[in-house]
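A.B. asks: sharing a model that was predicted from the sequence below.
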Amino acid sequence: MRRLILASSSPRRQELLTQIGVPFSVQVPAIDETPLAGEAPPAYVQRMAEEKARAVLVQQTGDVCVLAADTSVIVDELILGKPTDAADAKAMLRRLSGREHQVLSAIAVADQSRLNSHVVSCKVTFRTLTDAEIDAYWLTGEPRDKAGSYAIQGLGAVFVQAIHGSYSAVVGLPLAETAALLGEFAIACWQNKETDS
Ligand SMILES: Cc1cn([C@H]2C[C@H](O)[C@@H](COP(=O)(O)OP(=O)(O)OP(=O)(O)O)O2)c(=O)[nH]c1=O
């Protein structure tokens, strides 16, 4: 029986994969997440997801499949990852205030013979944020480990006026595309068909 490993430290990705009924174990990838000079955002997120998958795959033996993902916020042709500190987070949130931005999420699945990956784009529109709100949001702790310094699934939901595209992609794992990609590797979703919702 083929085992699936989720190469991720993100609790959101674990929850999302669990939601679609795919059994998996977790290993945390260690890679350098610095963009290359002039690297286009879709190429960057795809490379990150592929490198995370490869980093965990090389440590495995047997019939193993590895899934990894990467999420970045794109605005003004800038790639916004996780903030380095309070000032960085607040600058990101001021930049996102009152306008539309793009969220790019890449997924990669690899086994010992091949690696397939896919990039999903979603548009998110924020209402105007005040400086006081941005300060208060930073103090909640939520922005610290989130690309673009917000979480659509959390307190940051109050900033979101519109979303065009995959909600799960913004949270960190595009589920329709993940199910399809896992299917290409003979890993089915809905393996636990009981639902508590
Ligand atoms: C925009 C947005 C991002 N995020 C999260 C998803 C990702 O966990 C994180 C982006 O950073 P990533 O580098 O994609 O992932 P990560 O470092 O958290 O985890 P991994 O070990 O898999 O590399 O931002 C949200 O949770 N909600 C949001 O609305």
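C.D. replies: Structure received. Fair warning: this is a prediction, and the values are worked out from it, not measured in the lab.

A.B. asks: what mean pLDDT would you report for the longest helix belonging to the chain?
C.D. replies: With residue count as the measure and DSSP state H as the assignment, the chain has helix 41-57 as its longest helix. Mean pLDDT, helix 41-57: 98.

A.B. asks: the following helix or strand past it packs against which elements?
C.D. replies: Once helix 41-57 ends, the next helix or strand along the chain (criterion: DSSP states H and E) is strand 64-75. Contacting strand 64-75 under the criterion 3 or more Cβ pairs under 8 Å, 6 or more residues apart in numbering; DSSP states H and E are the following elements: strand 3-7, helix 41-57, strand 78-80, helix 86-96, strand 100-110, helix 175-184. Yep, even glycine has a C-beta here, placed from its N, CA and C like the rest.

A.B. asks: and the last one, is it in reach of the ligand?
C.D. replies: In this case it means helix 175-184. No. No part of helix 175-184 sits close enough to the ligand to count as contact by Cβ under 6 Å from any ligand atom; the gap is at least 12.7 Å.

A.B. asks: then the fifth one?
C.D. replies: Yes. Counting by Cβ under 6 Å from any ligand atom, the ligand is contacted by strand 100-110 at Val103.

A.B. asks: that strand: which residues count as buried?
C.D. replies: Applying a neighbour-count criterion of 16 or more other Cβ atoms under 10 Å, the buried positions in strand 100-110 are His101, Gln102, Val103, Leu104, Ser105, Ala106, Ile107, Ala108, Val109, Ala110.

A.B. asks: and Ala68, how many neighbours?
C.D. replies: The number of residues packed around Ala68, counting by other Cβ atoms under 10 Å, is 30.

A.B. asks: that one: what's it in contact with?
C.D. replies: By Cβ atoms under 8 Å, 6 or more residues apart in numbering, the contact list for Ala68 reads Leu6, Ala7, Ser8, Pro29, Ala49, Glu50, Lys52, Ala53, Val56, Ile107, Ala108.

A.B. asks: which of these sits closest to the ligand?
C.D. replies: Comparing these against the ligand with Cβ to the nearest ligand atom picks out Ser8 as the nearest, at 3.1 Å.

A.B. asks: what's near enough to touch that closest one?
C.D. replies: Gln14, Val26, Val28, Pro29, Lys52, Ala68, Ala69.

A.B. asks: so Leu115 touches Ala49, yeah?
C.D. replies: No. Assessed by Cβ atoms under 8 Å, Leu115 is found out of contact with Ala49, at 9.7 Å.
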